[in-house]
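Asker: sequence unknown, structure follows:
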């Protein structure tokens, strides 16, 4: 049995994470690797309630409260879903994890990275074996989500907010080259799929 691995998918809104998740599932299925898909916010036992609160455009909370709610969701997600599955040999593929907090609450909201790291450090969160960062220019990402009927609280933020998030993600990738692989998601679906397959095959 192959050692269970923890994989996270990251990127700005409209970056194509969900589409590429299908590619990853096919690769793991072909290798007969037992795996689950999960997401943040919303993957924990209290996740649906927190997801609704965090993504609802009517929600008015401070950046600090937003951070704490995200971390509460993540801690429960780790304890109830991620660690139990990894411990029994099941691979875990999550749509967003800690890098999202560093990019959105750190880069986008402007909270101090050192303070985020201090709080998160007390939670004993696992580090993904591989993180795929789906990167593309923000204006292209906005074109992709323009036809969505109901944009959520984050998607509705101005373009400057999303540019800050992208910049924060790229800084994280530069600092964590051993873990984060940048996927150029401005390319065609076929080309993106090829990049994803190459990255996944490196840890198989």
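Answerer: Ah, there it is. Only a predicted model underlies this, so the values are computations on that prediction, with no experimental measurement involved.
Asker: would you map the strands across the protein?
Answerer: With DSSP state E as the criterion, the chain has strands at 6-11, 35-39, 91-95, 130-135, 180-184.
Asker: gap between the fourth one and the chain center?
Answerer: Pointing back at strand 130-135 there. Put simply, strand 130-135 sits 8 Å off its chain's centre (C-alpha atoms, centre = their mean, to the nearest Å).
Asker: note down every partner strand of that strand and its orientation.
Answerer: Strands that pair with strand 130-135, judged by DSSP bridges, come out as strand 6-11 (parallel), strand 180-184 (parallel).
Asker: ok, the second one next?
Answerer: Note on strand 35-39: by DSSP bridges, its sheet partners are strand 91-95 (parallel).
Asker: residues of the worst-scoring helix or strand of the chain on mean pLDDT that come out buried?
Answerer: Within the chain, no helix or strand scores below helix 47-55, which has a mean of 81 by mean pLDDT, DSSP states H and E. Neighbour counts over helix 47-55 (16 or more other C-beta atoms under 10 Å) mark 47, 50-51, 53-55 as buried. Glycine gets a C-beta too; all of them are placed from N, C-alpha and C.
Asker: quick revisit: can you tell me which of the strands of the chain is most buried?
Answerer: For the strands of the chain, ranked by mean neighbour count under the definition mean count of other C-beta atoms under 10 Å, the leader is strand 6-11 at a mean of 25.
Asker: for this structure, what's the longest helix?
Answerer: Within the chain, and with DSSP state H defining each element, the longest helix by residue count is helix 159-175.
Asker: which of the strands of the chain sits closest to residue 74?
Answerer: Within the strands of the chain, the stretch nearest residue 74 is strand 91-95; the backing value is 9.7 Å (C-beta to C-beta).
Asker: average pLDDT for the closest one?
Answerer: Averaging pLDDT along strand 91-95 yields 97.
Asker: please report the distance of residue 98 from residue 31.
Answerer: Relative to residue 31, residue 98 is positioned 26 Å away (C-beta to C-beta, to the nearest Å).
Asker: just want to know which of these two has more residues nearby.
Answerer: It is residue 98, of residue 98 and residue 31, that has more neighbours when counted by other C-beta atoms under 10 Å, with 24 against 13.
Asker: which residues are in contact with the closest residue to the more buried one other than its chain neighbours?
Answerer: Counting by C-beta to C-beta, 6 or more residues apart in numbering, residue 98 lies nearest to residue 125, which is 6.0 Å off, once chain neighbours are set aside. Going by C-beta atoms under 8 Å, 6 or more residues apart in numbering, residue 125 touches 74-75, 78, 98.
Asker: residues near residue 173, how many?
Answerer: Once other C-beta under 10 Å is used to define contacts, residue 173 is seen to have 18 neighbours.
Asker: among the contacts of residue 125, which one has the most neighbours?
Answerer: Highest neighbour count within these, by other C-beta under 10 Å: residue 74, with 26 neighbours.
Asker: so it touches residue 39, yeah?
Answerer: No - contact criterion C-beta atoms under 8 Å: residue 74 and residue 39 do not qualify, at 11.2 Å.
Asker: now do the same contact list for the most centrally placed residue in the chain.
Answerer: The structure's the chain has its C-alpha centroid closest to residue 96; by C-alpha atoms, centre = their mean the separation is 1.7 Å. When contacts are counted by C-beta under 8 Å, 6+ apart, residue 96 touches 8-10, 17, 39-41.
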